[in-house]
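Enquirer: sequence and computational prediction follow.
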Amino acid sequence: METKTPLVPSEVSIREMERLLDRLAVEVVAMGRDGGVLVGLYAWLEDQVKRRRAHAAVLVAVHERVRRLQDRTGARS
């Protein structure tokens, strides 16, 4: 059975996730050699930010496509 990686709740903004990444990076460095235990969490959160940005980019592309379609169909009228 495949385990799905949990997602950051949609209420959490990219900006908030970026601040958490900053704070986490400070903690990793402050912990020195022991900071490696947080690398997995850092990588997961960084991936969440990338996914959220990719999702937002797709939504922008979708809206642009609909706008172009409306422009084309409006020009035919």
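Expert: Received, thanks. Residues are numbered from 1 along each chain as shown.
Enquirer: which element, helix or strand, includes Leu7?
Expert: Remark: Leu7 resides in no helix or strand, with elements defined by DSSP states H and E.
Enquirer: from now on call the first residue 45
Expert: Okay, using 45 as the starting number, the last item reads as Leu51.
Enquirer: my read: it touches Gln92, true?
Expert: Yes. Under the criterion of C-beta atoms under 8 Å, Leu51 makes contact with Gln92 at 6.6 Å. The C-beta positions use only the backbone N, C-alpha and C, and glycine is treated the same way.
Enquirer: neighbour count: the two, which is higher?
Expert: Gln92 (19 against 11; other C-beta atoms under 10 Å).
Enquirer: need phi/psi at the residue nearest to the more buried one when sequence neighbours are not counted.
Expert: Among residues not flanking Gln92 along the chain, Val52 sits closest, at 4.7 Å (C-beta to C-beta, 6 or more residues apart in numbering). Reported as degrees, to the nearest 10, the phi and psi values for Val52 are phi -70, psi 140.
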